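# my questions are about this predicted structure, shown below with the sequence.
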Amino acid sequence: MAHGSDFFVFPRLGGEGASLLDRPLAVVDLETTGFSPGLDRAIEIGIVRVDPSGEIVDEWTSLVDPGRDVGPTWVHGVTDDMVAGAPTFAEVADDILDRFEGAVVVAHNAPFDGGFLAHEFALVGIDTPPLPAACTLQVARWSGLNLPNYKLATCCEAFGLTNAGAHSALGDARVTAELAVQLLANPPELRWTLGPPALPRAGVRAPARRRPH
């Protein structure tokens, strides 16, 4: 079972391995109760699936009941009332795996999201093999962008992208998908040591719940 940093397998610059840029991208963002995967929990997940031509072909998001308080509402905008009665991670795990299937998973500061996903899947007993992934923060650095920092907002500004839903999982996933398409239009020579694996399913589902507008 993959945990923490080995949940995602990131590319190297050049060398051995395969280019996976002909694969779909599954761009993911999580809102969480805090910053420690072993202690904190996911409370909202957004995934945007992008085909190899750069077109968005699917969007999915749900609040998640973490079984505890939601933490700093002033950061992520999610309240305890919003997650009361929302599906648990176990009940949305198959929706996530459906969208990761056959794709390269993308996130901004991807080790953060990977750590939480590894912990959440482990808690519900789903044995998930390592997934090929790309971190837009790292790719932006490799691309030679001369920026004061590589935060999502800074990278987006460099490409003229506007995040209308900052600090919502789907809003951040959408703008990260736009950023990924821009970065991978003229990418550095990225090589992965593995391709997308077959993924398990838990067989338990509940309807997604979106945050109120």
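Thanks, I have it.

# just give the nearest non-adjacent residue to residue 52, would you?
residue 22 (5.3 Å; C-beta to C-beta, 6 or more residues apart in numbering). The C-beta positions use only the backbone N, C-alpha and C, and glycine is treated the same way.

# please identify the buried residues of stretch 52-68?
Residues of stretch 52-68 classed as buried by neighbour count (16 or more other C-beta atoms under 10 Å): 60-66.

# meant to ask about stretch 196-206
Going by neighbour count (16+ other C-beta under 10 Å), the buried part of stretch 196-206 is 196, 199, 202, 206.

# distance of residue 144 relative to residue 165?
With distances taken as C-beta to C-beta, to the nearest Å, residue 144 is found 29 Å from residue 165.

# these two - which one has more neighbours?
Comparing residue 144 with residue 165 by other C-beta atoms under 10 Å, the one with more neighbours is residue 165, at 18 against 7.

# how confident was the prediction at the residue nearest to residue 52?
With respect to pLDDT, residue 22 has a value of 95.

# how many residues are close by it?
Counted with other C-beta under 10 Å, the neighbours of residue 22 add up to 8.

# next one: the one 4 residues further on
Burial of residue 26, expressed as a neighbour count using other C-beta under 10 Å, amounts to 28.

# what about it, which SS state?
Assigned state for residue 26: strand (three-state reduction, DSSP: H, G, I helix; E, B strand; the rest coil).
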